[in-house]
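*Asks:* What follows is a predicted protein model with its sequence.
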Amino acid sequence: MYLNKVFLYGNLTRDPELKALPSGSQVANFGIATNRTYKDKSGAKQETTEFHNIVAFGRTAEVIAQYMKKGRPIFIEGRIQTRSWDDKESGKKNYRTEIVVDNFQFGADGAARGAVTSTSSEQAAARDEQPAPSDGEAIKYPDEEINPEDIPF
């Protein structure tokens, strides 16, 4: 058995471009960028970015084009596909490798994480009402030992 499966989590590099195929089905093309952080031989932290061409079809394409914009995070599950065509002007054969979306999820952003937005005056009032704890007011743990038999699971 052979396997062609891709999982990517990254940010859109451009807004999705939605087009209709001659059959009437929708197709969306867009790009995403993924980052990788590693340490080189000298121990210095390095970061590389990879850019991926993504294509989605049907209802998936419509939803992505409707809700996703440049810079938004997205999780893509799909397969790698390389297509080729002949350039009529130069006579050269061109290739394009892309990820065909099978499934996707919207990535998390500030509003999606359950963050409550408030005005700056509300934030200032909350800060004034609740003074920051000093070092002496740290969390106090009980002095007694915990018996493993007291744990209910």
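*Replies:* Sure thing, it's come through. Numbers count the residues shown, from 1 in each chain.
*Asks:* drop to CA atoms for contacts and neighbour counts, all remaining ones
*Replies:* Noted.
*Asks:* Just the helices from this protein, written as ranges.
*Replies:* 58-67, 120-129 (DSSP state H).
*Asks:* averaging pLDDT over each of the ones you listed, which comes out lowest?
*Replies:* Note on the helices of the chain: lowest mean pLDDT is at helix 120-129, with a mean of 44.
*Asks:* Any stretches of the protein with poor pLDDT?
*Replies:* 110-144, 146, 151-153 (pLDDT under 70).
*Asks:* if you set the cut-off to 90 instead, what comes out?
*Replies:* 1, 87-91, 107-153 (pLDDT under 90).
*Asks:* And the strands in it?
*Replies:* 6-12, 17-20, 26-39, 45-57, 73-86, 93-106 (DSSP state E).
*Asks:* got those as TSV, with distance to Y67 columns?
*Replies:* Below are the strands of the chain laid out as TSV (distance: least, C-alpha to C-alpha, whole Å):
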stretch	distance to Y67
strand 6-12	12
strand 17-20	12
strand 26-39	12
strand 45-57	14
strand 73-86	11
strand 93-106	9
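*Asks:* Generate JSON lines for those strands, with mean neighbour count as supplementary columns.
*Replies:* Shown next, in JSON lines, are the strands of the chain (neighbours: other C-alpha atoms under 10 Å):
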{"stretch": "strand 6-12", "mean neighbour count": "18"}
{"stretch": "strand 17-20", "mean neighbour count": "16"}
{"stretch": "strand 26-39", "mean neighbour count": "17"}
{"stretch": "strand 45-57", "mean neighbour count": "15"}
{"stretch": "strand 73-86", "mean neighbour count": "15"}
{"stretch": "strand 93-106", "mean neighbour count": "15"}
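*Asks:* out of these, which comes closest to N147?
*Replies:* Among those, strand 26-39 comes nearest to N147, with 42.4 Å by C-alpha to C-alpha.
*Asks:* Can I get the closest one in CSV, CA atoms only?
*Replies:* Written as CSV, here are the backbone C-alpha positions of strand 26-39 (Å, rounded to 0.1, in the frame of the first residue of the first chain):
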residue,chain,number,x,y,z
GLN,A,26,-15.7,25.8,-7.6
VAL,A,27,-11.9,25.8,-7.1
ALA,A,28,-10.0,27.9,-4.7
ASN,A,29,-6.2,28.6,-5.0
PHE,A,30,-4.1,30.1,-2.3
GLY,A,31,-0.8,29.8,-0.5
ILE,A,32,0.3,29.1,3.0
ALA,A,33,3.6,29.5,4.8
THR,A,34,5.0,27.2,7.4
ASN,A,35,7.9,27.9,9.7
ARG,A,36,10.6,25.6,11.2
THR,A,37,12.9,26.6,14.0
TYR,A,38,16.1,24.6,14.7
LYS,A,39,19.6,25.1,16.0
